[in-house]
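1. sequence and predicted model, in that order:
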Amino acid sequence: PVPGPSGDGALVTLLLYVPTGTRRCNSNVVRKTTNALETPPPESPPSPPRSLHPPAPALLVIAHPDDECMFFAPAAVRLVGCGVPVRVLCLSAGNFYNQGEIRKKELLESCGALGISLSHITVLDHRDLPDHPRVQWDRDLVSSLILRYIQSHHIGLVLTFDEGGVSGHVNHIAVYYAHSSLLECCGQSTNIIRKYISILDLPISWLRPHDMIYILSSEEYQQARNAMLCHRSQLLWFRHIYLRISRYMLINTLNQIS
Ligand SMILES: [Zn+2]
């Protein structure tokens with residue numbers, strides 16, 4: 001049997017690699033250089049306080065409510081933990097079974113569990129972007145919507161699916177192909193065996209090429225699990241199994257797009 005992640009106390013707890021200085025925790029601490037023994041001339045006005053510049057927001061682009069925790073919880077939890085403002089742009093309400101309104105509320109709860117501010121969540125629910133496994137979304141439309149969001153919120157990092165869509169859903173893949181030249185980081189899709197071997201996938205994830213890797217501690221896994229449990233309308237029996245055995249609840253490996 002595959003060991004449950006909650007029982008593994010040896011999980012690595014660090015953000016192992018970040019691509020730029022702005023992604024490192026505490027990267028924006030301003031070092032004071034004033035010598036405390038020096039007395040400034042009395043006529044000198046006091047120096048204005050130096051402000052700490054917050055890191056540019058990261059944007060998670062997803063197709064449906066629950067994508068954020070099913071596929072990107074490790075990255076979201078880690079970025080929030082590093083003080084990076086994380087925003088979520090969800091392109092549909094997930095209305096395939098007419099549960100869109102319920103699922104939008106569940107998305108808010110789930111993002112709250114991940115530490116994402118509720119004011120940073122946008123669900124577009126565009127009529128031309130229905131939640132449907134056989135409807136191809138218009139790439140130009142998706143591109144323009146994502147680009148507009150990036151520009152208006154000064155996004156510094158974009159995370160979304162790769163060309164495999166992780167689960168293979170056409171809406172996921174459409175996000176990637178809509179504007180892949182714009183996107184910075186894509187969560188790697190894996191084969192079905194790696195997808196369901198939980199923490200046992202760690203050595204493979206580690207050894208295979210990637211630009212970023214996010215690995216959750218057992219405590220952080222509980223946070224991701226709590227987020228998943230917010231999606232009550234989606235918690236069919238197989239989702240409970242997914243929670244226990246999916247490597248995406250513990251590990252995200254991402255590639256940068258040049
Ligand atoms: Zn989805």
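-> Sure thing, it's come through. What you are looking at is a predicted structure, and each value in this text was computed from that prediction instead of being measured. Residues are numbered from 1 along each chain as shown.
2. if I look at Pro65, how far off is Val142?
-> Pro65 sits 17 Å away from Val142, taking C-beta to C-beta, to the nearest Å as the criterion. (Glycine included, C-beta is placed from N, CA and C.)
3. so between those two, which is more surrounded?
-> Pro65 (33 against 24; other C-beta atoms under 10 Å).
4. that one - that's part of a strand, no?
-> No - according to DSSP: H, G, I helix; E, B strand; the rest coil, Pro65 belongs to no strand; its state is coil.
5. in the chain, which residue sits nearest the ion?
-> His64 (3.6 Å; C-beta to the ion).
6. give the contact list for that residue.
-> Each residue near His64 by C-beta atoms under 8 Å, 6 or more residues apart in numbering is listed here: 90, 92, 94, 103, 131, 169, 171.
7. which ones among the residues you listed map onto strands?
-> Cys90 (DSSP state E).
8. do you know how far the residue of the chain closest to the ion is from Val175?
-> Distance from His64 to Val175, by C-beta to C-beta: 10 Å.
9. ok, now Ser119?
-> Separation of Ser119 from Val175 (C-beta to C-beta): 22 Å.
10. Ile257 now?
-> 13 Å.
11. now Arg247
-> Plainly put, Arg247 is 21 Å away from Val175 if you go by C-beta to C-beta.
12. and these two? which has more neighbours close in?
-> Val175 (28 against 23).
13. who touches that one in this structure?
-> Val175 neighbours (C-beta under 8 Å, 6+ apart): 61-63, 91, 137, 142, 146, 160-161.
14. poorly predicted segments of the protein, please.
-> 1-52, 179-183, 258 (pLDDT under 70).
15. try 50
-> Where the chain drops to pLDDT under 50, the residues are 1-42, 44-50.
16. quick check: residues of this protein near the ion?
-> By the rule C-beta under 5 Å from the ion, the part of the chain lying against the ion is 63-64, 67.
17. looking at those residues, spot the one nearest Leu207.
-> Nearest to Leu207 among the residues of the chain next to the ion, counting by C-beta to C-beta, is Asp67 at 26.6 Å.
18. show me where the protein has strands.
-> Under DSSP E, the chain gives strands at 58-62, 86-90, 121-123, 157-161, 185-187, 212-215, 251-256.
19. for the residue positioned nearest the centre of the chain, which non-adjacent residue is closest in space?
-> Per C-alpha atoms, centre = their mean, the C-alpha nearest to the average position across the chain is that of Ala76, at 3.7 Å. Nearest residue to Ala76, sequence neighbours excluded (C-beta to C-beta, 6 or more residues apart in numbering): Leu114, at 4.8 Å.
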